[in-house]
Structures are given as structure tokens and as C-alpha cells.
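K.L.:
What shape does this take:
(chains A and B)
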Amino acid sequence: MTEQNAPAESEYDVSAIQDKWLPIWDELRPFASGNAGDARPKKYVLDMFPYPSGDLHMGHAEAYALGDVISRYWVQKGFNVMHPIGWDSFGLPAENAAIKRGLDPKGWTYDNIAQQRSSMRRYACSFDWDRVLVTSDPIYYRWNQWLFLEFYNKGLAYRKNSNVNWCPSCQTVLANEQVVQGLCERCDSVVTKKALTQWYFKVTEYADRLLDDLDTLEGNWPSKVLSMQRNWIGRSYGADVDFVIEGRTEPVTVFTTRPDTLFGATFMVVAADSALATELVAGADESIRAEFAAYLEMVKQSNDIERLATDRPKTGVNLGRFAINPVNGEKLPIFASDYVLADYGHGAIMAVPAHDQRDLDFAKAMGLPVQVVVDTDEEDPAVTGVATTGEGVLVNSGALNGLSKTDAINKIAEILEADGKGKKAKNFRLRDWLISRQRYWGTPIPIIHCANCGEVPVPQDQLPVELPSAEGLDLKPKGTSPLGGATEWLNVACPKCGGAAQRDTDTMDTFVDSSWYFLRFLSPNSTEVAFPKDEAAAWAPVDQYVGGVTHAILHLLYARFITKVLHDLGQIDFEEPFTRLLNQGMVLMNGSAMSKSRGNIVALSEQLDEHGVDAVRLTMSFAGPPEDDIDWADVSPAGAAKFLARAWRAANDVTSEPGVAVATGNRELRKATHTFLRDFGPLIEGFKFNVGVAKIMELVNALRKAIDGEAGSADPAVREAAEIVAKSLSLFAPYTAEDMWQKLGYEPGVALAGLPDADLSLLVESSVVAIVQVDGKLRDKFEVAVDITEDELRAKAMSSDAVLRAIGEKTVVNTIVRAPKLVNIATK
RNA sequence: GCCCCUAUAGCCCAAUGGCAGAGGCAGUCGACUUAAAAUCGACACAGUGUGGGUUCGAGUCCCACUAGGGGCACCA
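P.N.:
All right, here's what the predicted structure looks like:
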């Protein structure tokens, strides 16, 4: 805004309004939710908390604009809304910035938090500033450690050695989500596997509940997120089948979703990188052992990019061992291959090349026989090279012959179970949650390793295990946690035996921090409990959660998991953390996500300076459905600012006094106002914010017309409409609305003024326009009484010249009458 | 390969199975002005991606296809 011409009182001055109201709101604290004796019904609205990676950006601006619409709406409807905010402040970006600039991650993080906090205040976020948390504060992560120990004591946190994602350049373990297309998201190095002993949370123990309870969220969560979660958990039903191995005491169990094809198994495959493969090959010939060793080395060197290539030829090694098919006694050669995964099912499969494409590809590569056992009326897979996986009739399968696929699956399960050679089983794509990180900037894992006592949990009274200062520590990645270099911190007395022991040097995945934070807002500063049970009972679960779809799987799945565990621990009485979920889209620029490399970043601060906070917020709400992406090039914050000025001027034009009796006001405008009130609430509750804004615009247009027309600025209906505009606009444009409220003669606090219900008696019509269609096409319309009977309406329609002309020579075969609004005449 | 979402005017988007247009952007014209900006007002613009089907009636429901977007993917 240029300041060359100082705006007059009657002009809308964006920056002056912003400066004026902020300090007043600081005093007023309209969104405090913890006031004693507050009798309003409670509602918990939560925005996903930000990572403090810099100042707020356009994405935050959208998320918080939309979260505010919902939060402010419920306040206007008379609820005591808890709408807190915090920072997800541990994590890799802070550590990277620290390494790059030689700074302490702490300073960088807390500077950014201060910056974001100040921007949120300016952005007029309706947060309860008494409920703030920062996950890197010891007062917060102390309870992360408490949570870890609860899990540990319940057997849900454990250590195991397995192959994890490893970035050879960063020298650190990577989470699955940090591996993008087989590359490290930080440095684009090719990610490899490394066998490491790491901490896991046993999320797989909750897989069934995590999947089944998604049904309870149906209708309240976006169906996209529900299907992504279902996909991710990936439950498949089938059978476990035991195969006796020649020369081995224990049978090997395989999981299959197609036990009906058991008679078609012609070989067995075990994962090359499994312990089983190594064991089976141990007794084989020298040449096979050498071949296997070379193959295993090759497999270990390969990476996800190679592994995921779709046209990759099948490879493997014949281990020279045999499995016995439990149903027909056939000897099946056992191979090791990398197309079988060590950590899914039992790391071994029965191969049925006729009815599984992967097995067929392998059989072809190795010259193995193909045995058809389901006749699908298709050509022989051995000839075509295409496995037949559809429905069909069982053949060459003993007792199963003649059965359908489904019947055969049931029958074989019975047979196997009766013989003690197998049973029905299910498997999940979901793996246990690897929570260890070899990083500095995270919650230390509260375990002490003692040579005598093994893993020893840190006693509760010694929590929190605080992070040592980063000063003097080498944060550069080198394959082990930087905490290993904090000698004084590292070496402690064992809590059990008092002997020399060492702390666990890993820190927790930051997804642990964010998977229960919504409960911490109930008492963010408590040093006694993670959260008070009675407060949780009163406020939780979250009624409305708002955030990006990027967290559709991991964060939401982990939060659901932790919630279920806390439920089982008796801490809370609900099993799902977020009753209702809104995923807002992204803010794009010229069709693509904003990024430095594309050079299409729109700076939020510049938009705010140019158009004002309200115009940017309004643009976010008005651009389209909230779940759609917003292309900033397609929308008009200038247009939003223009509308706000128009609304503001209308309020400024009102000349009647507050409290004037509205009953005598202009009927037409009153009707427009109450039609608005009838429609607005359902639109907001249905997340149709863009339509809600359009309705406000409509009302402002009607208001303008009334002021300039017959009603005039003193008409009580004009005041009524202007007040409703101010109140409803407060959801989208709090500064403008507050200023309008003052112009209308009220004390500050439009946010709390309350949206009334519509007076439906004003909307009762005595007549409506009826339409007449002939064969579905509009032919005439006329005004009729609302209580017109079907017969009267039909008669009236049939007497219309336009209708008779449309019917012409044709014969009327049917007449549909929907009094009082419609007649449709069907002809032949 | 499997699963899901979307498609309406130059653009962003509305439309309980019942008159395709609520709202906005951009546009044209007019009023105001010495002029411009701002403001106020008016106007114009598509028959709903394509092909079928259900129905008295389809943008809306069903099927197929096309295009764009997303998720999962050697998970046995």
C-alpha cells in the first residue's frame, strides 16, 4: 500500500485496520478455551502443527485459513472451541541447517518458532495461546520417553537386527518415507540396505484393528485417505502350508493366497537374504555354496531402483535341496531368489508357475516345469508365458478336482488343517515401525545398556533424559549417533546393578512426537502427567482435524496406532484420535508445486503486504473446494480485497442504531438475510467454504442494492444484513469483520457475537414459479399458489399455448406432476 | 499391473435426479469525473470430455472409453 494519500475515515485501509485490531485482540483473548466455569459445549478443532523450517509459507496460509473457518464457525455457534497450536520441532532439517551453518540446531529451531509465532499472530489465527507446545522442549519429550517405556513394558517396543535403508553418503538410516524412488531425499544418493540392530514399535500387532476401525471413520474422513490406509496396511487372506524339507527336522512354512493351487507347485523359493537360505545352503556342495555366496553379494549390492524395475529378469540359485509337497508327496527343488522378500510372510513361497506370473517368469528363466491345476479356458501358460490367475475349475488336483477356485480354497484349508499340515492365515503389507534414528536432534531413547543387566529402562524419576548440548559434538553423519560422542552424557551407572553402563545413543523418529501431541494440548505444561485423564475425557478425541494429504498414511496411521495402545493402557476411553478429517489441497503456482528449483515460489509475506491478511485468507477459502489444489496464478487476491472493501463500505453506510427493531425492515432484504442464514451453516459444516463465501457476496450485493435503492441506509433490514455479513465474514476476514462491527456501533469481539438461526417464517412463500417441460425440455413457466393441487397444476399446464404448441400432433403418454413446481409431459 | 479421484463459459468454480449459473476473475458497454483511478450499474459468453444405458426427466445414477491427477506395486 502506498501512503501518499492518507485514506479518509470512509475508506477501507487494510494496513491501518490490521495495526489497530491486533493489540485489542491480545487483550480480549476471544479464543481462550480453558476459562473456569465456561459453560459452552466443548469442541476440539486441531490444525496439523507445523515444522519450524523457516517462516510460514503459502501452504501454511491455506491450512490455517481453512482451520480457522471451522474453528471460528463453532465459536460463532456458541461452542467453547479448543484450537491449540504447537511445533513439531525435532528433526533432520534443523540438524542439516546446523551442520551447514555450524550452528546449534536448537537456536535455529527456536528462532524459526518465534518467527512463525509472530506470523501466526499477524495472520490472525484463532489459536488458544495458552495451549502451546514445542516437541523439542524437555517438558514435552519427557513424555515421549514415558510413552516409549510404557510400550517397552508392554512388549510393544523391541530391538531387532534387520536390513534397513541406508544412505551411504549421509551415513545414516533412513525411514521408508525418506527414500524417494530409491534415492535419499536429502542428497539423491542411491539407498542401499544395511543390517543393523534398531528399535521398533510393534504396529503389526494392531494391524487388524487399524484396518477394521477405518470403517468407523467412513463418511467423516476423505475416502481417499481411508483407501490409502487400507492399501498401506494391505491385509491378504490365504493359508500357511508346511513343507517337509529333506534333511531338515523342522518343516518350512510358506504363506499363499492361492492354497487351491497347491497341486500346481513345482518348486519352492526362499528369499536370498533370509537366514533360511543361508541355513539351507550350508549343507550343499562347495560349488553351490560359492554360487550362492556370489548371488547373495550381488543381491546385497542391488538397490531399490534396480529391484523395482518392472522388466527385470528373474534370477536365482538352485540350493540343491528339496521340499515335499504335503498333498502329493512330490519333490520340489528349492531355489534362493531376490524376488521373494525376507520380511513378508515367512520369507519363503511355494511356486505355482501356471497361476502366478512371477513364478512363471522364474520357471521360464530356470527351465522348470509348469503344471496347470485351474482350468480357466485360456491357453497353456507354459506356451503363452502368461500365467492364468482368474476363476476356473480345478484339475490335476486330487480331491479338489471339479471345484471352483473359491470352493477349492476352503476345501484345501480343511484338508490341511485336518492333517496338521497347514491352516488359514493372513498377512499384512504393514511392517513394524522402525523408530531409531542415528541423529542428534530428537528424543533420546530412555534405555541404558549394561554389560550385566542388558537393556535397562531409565527409571521414571530420572526422566527426562535430556539431550546434551550440541556444543563440542560432531553432528556430521558418520553412521552412528552423534550422541555417542557426548562422553559425559553417555556413561552412566546402571540403574539396576550400579555398574558402568551406557545410554542408548539413538533418538526417536519424530513421528513418535507427533503421534500423540493432540493429547498433550490438554495440559501442555504439566510435569505430573502426559495428559490428565479427566481432561481427555472432556475434550478428546479431536472433533475436527485439518491438514495436508501428505500425512494421509504415516502420521495418521501412527497416531491411530498410539491412540489404540493408550486406550489399551487404560489412559483414554476412545480408540480413534480424529473423529473428522479435512485434507486441504496444496497451493501451486502455474500448475506445479512451489519449489526453489522451479523458481515459482510465491512469498506469503509479499502477498500479505500487497493484499492484506484478510484478502489472502479469503482467497484461500474462496478459490474452490478445500481439498482441491489452488493455483495461485488462477485466483485473485486483488478481487478478494475489492470485495472486502465493498462489504466494509456497506457497513459504513448503515445509519440506524444498534438494537433497532428489525421486524419493520425491508421485506426483500430480510428474506435475503434469512435465506443466507439458513444456507450458510450447512455449507460451512460440509466444508463448502467457497460456496459460503459466494453466499456472503450475494448478501452484500443485496445489501448494496437496498442501501442505494428504495430501502435506504436507515432501513432496519439494512442493519440486520450488515451485521450478519460482519459476523459471517469474521470466519474468513477477521480484521475487516471486526472493523465493520465497530462501524456498526459495537464493542470489539465480532468473533464472539454469535450467528443466529434463520427466521424461517420470513421465507414462507405464497406463490412459486412452476415450470412445464415437454419431454424434459422447458416449454413454459408461470406463477402459481404454493398449495396448488396436482390436478389444478396439470390443467393449467395443459392450457398453456406454448405447451400445446410443443406437444403438437404427438400423443401424450404420461404426465408427471410435482406440485407446485413442475409438470413434465411425455409424448410419443 | 491393481485401486481411487477429477472433467461444467476464456479462467476459478456453483447447481436435494427437475429452468445449466450462485459467486468471482478476465472482457465489453454505460453512469460518475476535465481526465484517469476507485466506485456504481448493465451486458455478453458454455449445453456440462466422448459413446452408450437407466428414467417422464441426467451435469448429477450405471457401463465403456479418453485425458489429467493420486495411491500401492516382485507383498506370494
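K.L.:
from here on, contacts and neighbour counts on C-alpha atoms
P.N.:
Will do.
K.L.:
roughly how far out does the helix or strand encompassing A:Met228 sit from the chain middle?
P.N.:
Per DSSP states H and E, A:Met228 falls inside helix A:223-233. When C-alpha coordinates are averaged (Cα atoms, centre = their mean, to the nearest Å), helix A:223-233 and its chain have centres 10 Å apart.
K.L.:
which helices and strands does the very next helix or strand once past it pack with?
P.N.:
As assigned by DSSP H and E, the chain's next helix or strand after helix A:223-233 is strand A:235-245. Packed against strand A:235-245, as judged by 3 or more Cα pairs under 8 Å, 6 or more residues apart in numbering; DSSP states H and E, are the following elements: strand A:252-256, strand A:317-324, strand A:422-428.
K.L.:
And RNA strand B, is the helix holding A:Met228 touching that?
P.N.:
Yes - contact of helix A:223-233 with RNA strand B (Cα under 7 Å from any atom of the strand) involves A:223-224, A:227-228, A:231-232.
K.L.:
What pLDDT does the model give whatever residue of chain A ends up closest to RNA strand B?
P.N.:
Closest contact between chain A and RNA strand B, by Cα to the nearest atom of the strand, is at A:Thr256 (2.8 Å). At A:Thr256, the predicted lDDT confidence score is 94.
K.L.:
Ignoring the adjacent residues along the chain, who's closest to the residue nearest the centre of chain A?
P.N.:
Nearest residue to the geometric centre of chain A (Cα atoms, centre = their mean): A:Ala552, 2.6 Å. Of all residues not flanking A:Ala552 in the chain, A:Val225 sits nearest, at 5.4 Å (Cα to Cα, 6 or more residues apart in numbering).
K.L.:
How about the residues of the stretch 451-600 of chain A by RNA strand B?
P.N.:
So far as Cα under 7 Å from any atom of the strand goes, the stretch 451-600 of chain A does not lie against RNA strand B anywhere.
K.L.:
Show me the strands in the stretch 451-600 of chain A, by range?
P.N.:
A:454-457, A:491-493, A:500-503, A:507-508, A:544-548, A:581-584, A:587-589, A:592-593 (DSSP state E, counting those that start in this stretch).
K.L.:
okay if I get these as TSV plus mean neighbour count and mean pLDDT?
P.N.:
Listed next are the strands of the stretch 451-600 of chain A as TSV, based on neighbours: other Cα atoms under 10 Å; pLDDT from 0 to 100:
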stretch	mean neighbour count	mean pLDDT
strand A:454-457	17	96
strand A:491-493	16	96
strand A:500-503	20	96
strand A:507-508	25	95
strand A:544-548	22	94
strand A:581-584	21	94
strand A:587-589	21	91
strand A:592-593	14	84
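K.L.:
Figure out which of the ones you listed is closest to A:Gly484.
P.N.:
Ranking the strands of the stretch 451-600 of chain A by distance to A:Gly484, with Cα to Cα as the measure, places strand A:500-503 first at 8.7 Å.
K.L.:
Give me the residues contacting that closest one.
P.N.:
Residues from elsewhere that reach strand A:500-503 (Cα atoms under 8 Å, 6 or more residues apart in numbering): A:446-451, A:489-494.
K.L.:
Which members of those residues are the farthest-apart pair?
P.N.:
Spatial extent of the contacts of strand A:500-503 (Cα to Cα) is set by the pair A:Ala451 and A:Trp489 at 17.6 Å.
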